[in-house]
Structures are given as structure tokens and as C-alpha cells.
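Engineer: Quick one, structure for this:
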Amino acid sequence: MDGRAGFDASNNKRNLYTVVVVTLGLLCILQAVLNISLRLAFDGDESKRKLNTIDDYTHQGWLYFNQSVYYISSVENSWQDSRDDCLQRGADLIIVNSKEEHEFTRLFRQSSWIGLTDTETEGTWKWVDGTLLRQSFWFAGEPNSYQGKNEDCGHTKFFAHENSWNDVECAKNNFWICEKTMASFLLLVTVAVIESEIIMDDRAGFDASNNKRNLYTVVGVTLGLLCILQAVLNISLRLAFYGDESKRKLNTIGKVELYESNNNVKNLQTFVSIFSLLTDDYTHQGWLYFNQSVYYISSVENSWQDSRDDCLQRGADLIIVNSKEEHEFTRLFRQSFWIGLSDTETEGTWKWVDGTLLRQSFWFAGEPNSYQGKNEDCGDTKFFVFENSWNDEECDWKHFWICEKMMAS
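Structural biologist: Predicted coordinates for the structure are as follows:
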């Protein structure tokens, strides 16, 4: 009976993997249908074809966190001028809707304007969308219109504290944070399709309109089938990998669980093309999305190795800086971080944690230098206020750190 049970279990596994593979194939086909349909649907009006995908924003330096994208300013301005800048970017000053979003604002360790003001009625604080303030994070004794001043605008002055908000005169200069709320990728596609349909109906006669409707029907049905197949895939994966704890380590990306193994369904992530499924589970845990990776910003300090161990336990590794844009991303947080760079193997030969040699570097002037003959074998962002911020440091020093996990597109 043990032999038969083993055979049946193995056979059931094979059947489940077959379901997974077939489902992936159907997902790919339906994705192709969806892409073709959308191209046809948007053909003809360039101004309405632009989809506000997350990657469009992150490639311009915005960060994605919990269903919104954020622009972090690098210069200071008044509250109104800061808001005007956000509006010109198709966004507005940040509206802090949760404790998680408040903690997000504190990551940047600088005083930033938020979209909060009581200019209409003294003492009645409202967000830029007109809603009343409900959940607040005022520092002790704030707001207070200090010394009778017209402190009618809110900012994150006391960012080092859990409650960081302060009221200040709106003409003061501060950095600022813009926010644009993003629906899931599917919802954005749906909205864009509806807008395109309205425009095309205005331009064309009945026949053109009818053809468009047929395309939208294809899109709608395809989206429905994608959702159904996604559910089938999730269930199949749970069943396929249930039972053996050593092989149940699932790496959650959105609502898709990817099984990491040398011999089973190794490339599952390649089918994922809908952004929200890739990132939301991470951003809900405080990670940030930027240019095809998610990043965890530590709130405590540790040695280089202990920092790396923490990243590995999170299914990530210390950050590998592959571009000028990613380097600028590390500088946003205005503190010294460990990065995944060391020359512990061979003095003077700097390698990333994945074993690749350092090619593009951002060393501060005179670095790396093994200062005073010390074993400074690990890289950090000590000089973050400067364009080139890297420094070599003794690896047992304690710093904050940044974990990075690359995500499938």
C-alpha cells in the first residue's frame, strides 16, 4: 500500500503540474489577445493612448507604495508653489490616509509639505481634496499657531519622532511629496478603454462604434478569463506544494506564489505581467517599488553581515546599484546605508553580493581608501548629501541598510 500511495501521490502531483502549465499557456494566449485588442482599441488618438502604468512613473523617479506613486522633491518651496508643482505633474500634495503611509513619509528624513491646511477656517484642517482630517499624526503640542503666527500649512518637521506633523507658515520653504493614487493596472486599462470608446464614438459613425464595442467585448471577456485562470493557478499551486515543509517555501509576489526549487516550476514568474499582482503584498509590508525592484529600508542599524542576513531572511539581498537612477534612489532617504558591495575576497577588487564585479561606481572623492590602514571592506552611502556618496567602512560598524528584490516585469 505504501508503494501505491507513493505512486498515487506522485501521479496527483504530475496532474497538478499539468494544470499549472496549461493554465500558464492559456494566460499567455489571453494576454496576447488582450494586448492586440488594446492596441486596436487605442489606435487613432495619441493623446488618449497613454496608459498611466506604474513603470512609466518609476522610470521618472517616482516611488510606488500601497496603490499610489509618489514624487519626492529635491528642492524647497512654499506650500502653494509645491502644490502647483504637484498639480503640473498630474498629482497633488500627499494625503496621509494611514499609519503605514505616515511611516512612509518619515523614511525620507526631511521636513516635507503634506496636503494639509486650515487656510479656509482656522483650526479646521482639511486635505487638498477637501476632506476633513480624521486620523492625525501631530507632534506633541501641535498644531499651535506658534506665537500667534498664521501657521496654516502642515509639514513633517519632526520626522525623527513617531508623530511628526507641525503647522507652519505657508510661505516657508520646505521639500514636498506629491501623490498620485493609482488603480490596479486592470482598472487603468478599463478606464482608458472607456475614454477611447467615447472619443471614437464622437469621431466615427455607427459602424466604427460597433467595431470598437466588439473589441471592448473581447477585452472584457479576456480580463474575466484571466481572473478565472489566475484563481485556478493559485489553487493548483497551493495543492501542488502542500505537504513537504522543506519544499513549501513560497515567495509571495502579489497574489501569486512562486515555488523556488531546482527542479519544479522554476520560471513561474515569467507569466506575470499585471503590475499589481507583483508588488502589492510587498508594499503592504512597507517595501517600496522602484524600477522593477522592491526595496526594504531598515529602521535599525546593524553590521554589514547581519544586515545582509536580514535581507536574505526576507528573500532579498543587500541592494545592488545598477544605474545612476538607482543611486539617486538611495540618496532620497538621507542617511548612511550598507549596500551590497565589498572587497572581502580580494583587497581592492570590489564585488556585489551576487558575485559580479563593480563596473559603475559612485565613490566620494578619495574613496575607497582603507582609512589609516583599517580593514574597510564594505560599502555604504556615508556621504549621501553629495552626488557621489559611497564610502568604504569596516564591516562591523553599524548602519541602516537597504534590501532589494528584483521583480518580474
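
Engineer: Can I take it that residue 327 is in a helix?
Structural biologist: Yes: counting by DSSP: H, G, I helix; E, B strand; the rest coil, residue 327 is found in a helix.

Engineer: Going forward, the N-terminal residue is numbered 17.
Structural biologist: With 17 as the first residue, the last one maps to residue 343.

Engineer: so what's it up against?
Structural biologist: 337, 378, 405 (Cβ atoms under 8 Å, 6 or more residues apart in numbering). C-beta coordinates here come from the backbone N, C-alpha and C atoms, glycine included.

Engineer: Neighbours of residue 151, how many?
Structural biologist: 10 (other Cβ atoms under 10 Å).

Engineer: how far away is it from residue 143?
Structural biologist: Residue 151 sits 11 Å away from residue 143, going by Cβ to Cβ, to the nearest Å.

Engineer: and the closest residue to residue 167 other than its chain neighbours, which of the three is it?
Structural biologist: Among residues not flanking residue 167 along the chain, residue 183 sits closest, at 4.0 Å (Cβ to Cβ, 6 or more residues apart in numbering). Here residue 183 is recorded as strand under three-state DSSP.

Engineer: same question, the one 10 residues further on
Structural biologist: Under three-state DSSP, residue 193 falls in the strand class.

Engineer: How about it, nearest residue that isn't a chain neighbour?
Structural biologist: Closest to residue 193 by Cβ to Cβ, 6+ apart is residue 110, at 4.3 Å.

Engineer: Can you name the residues that contact that neighbour?
Structural biologist: Neighbouring residues of residue 110 by Cβ under 8 Å, 6+ apart: 86, 117, 121, 128, 130-131, 193-195.

Engineer: Show me which pair in these is furthest apart.
Structural biologist: 117 and 194 (13.5 Å; Cβ to Cβ).

Engineer: Going by neighbour count, which of the contacts of residue 343 comes out on top?
Structural biologist: Within the contacts of residue 343, most neighbours by other Cβ under 10 Å means residue 337, with 24 neighbours.

Engineer: Excluding covalently adjacent residues, which one is nearest to that residue?
Structural biologist: In space, residue 337 is closest to residue 343, 5.2 Å off (Cβ to Cβ, 6+ apart).

Engineer: Please report the distance of the one you found from residue 88.
Structural biologist: In terms of Cβ to Cβ, residue 343 sits 15 Å off from residue 88.

Engineer: This structure: helices as residue ranges?
Structural biologist: Assigned by DSSP state H, the helices in the chain fall at 18-58, 70-74, 95-104, 115-122, 201-219, 222-256, 291-299, 320-329, 340-347.

Engineer: worst average pLDDT in these?
Structural biologist: Lowest mean pLDDT within these: helix 201-219, a mean of 45.

Engineer: tell me the domain ranges of this structure?
Structural biologist: Using automatic domain parsing, the domain parsing of the chain gives 18-68+202-261, 84-197, 307-422.

Engineer: Would you agree residue 346 is in contact with residue 338?
Structural biologist: No: when contacts are counted by Cβ atoms under 8 Å, residue 346 is not listed as touching residue 338 (11.6 Å).

Engineer: Surely residue 357 is in contact with residue 370?
Structural biologist: No: Residue 357 is beyond contact range of residue 370, at 10.8 Å (criterion: Cβ under 8 Å).

Engineer: Compare neighbour counts for these two and give me the winner.
Structural biologist: Comparing residue 357 with residue 370 by other Cβ under 10 Å, the one with more neighbours is residue 357, at 23 against 9.

Engineer: which residues touch that one?
Structural biologist: Contact analysis of residue 357 by Cβ under 8 Å, 6+ apart lists 334, 337, 366-369, 374, 394-395, 406.

Engineer: Serialize those to a markdown table and add fields for pLDDT.
Structural biologist: Below are these laid out as a markdown table (pLDDT from 0 to 100):
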| residue | pLDDT |
| --- | --- |
| 334 | 98 |
| 337 | 96 |
| 366 | 97 |
| 367 | 97 |
| 368 | 97 |
| 369 | 97 |
| 374 | 96 |
| 394 | 97 |
| 395 | 96 |
| 406 | 97 |
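
Engineer: Can I get those in CSV including distance to residue 135?
Structural biologist: Below are the contacts of residue 357 laid out as CSV (distance: Cβ to Cβ, whole Å):
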residue, distance to residue 135
334, 45
337, 42
366, 52
367, 54
368, 49
369, 49
374, 51
394, 49
395, 46
406, 43
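
Engineer: Relative to residue 78, which of the residues you listed is nearest.
Structural biologist: So of the contacts of residue 357, ranked by how close each gets to residue 78 (Cβ to Cβ), first place is residue 337, at 18.5 Å.

Engineer: Go ahead and confirm the closest one touches residue 378.
Structural biologist: Yes: using Cβ under 8 Å, residue 337 makes contact with residue 378 at a distance of 7.0 Å.

Engineer: For residue 187, give its distance to residue 147.
Structural biologist: Relative to residue 147, and taking Cβ to Cβ, residue 187 is found at 24 Å.

Engineer: can you pull the contacts of residue 355?
Structural biologist: For residue 355, the contact set (Cβ under 8 Å, 6+ apart) comprises 334-337, 346, 395-397, 406, 418.

Engineer: Specify which member of the residues you listed is nearest to residue 361.
Structural biologist: residue 395 (13.7 Å).

Engineer: Quick check: closest non-adjacent residue to the closest one.
Structural biologist: Per Cβ to Cβ, 6+ apart, closest to residue 395 is residue 357, 3.4 Å.
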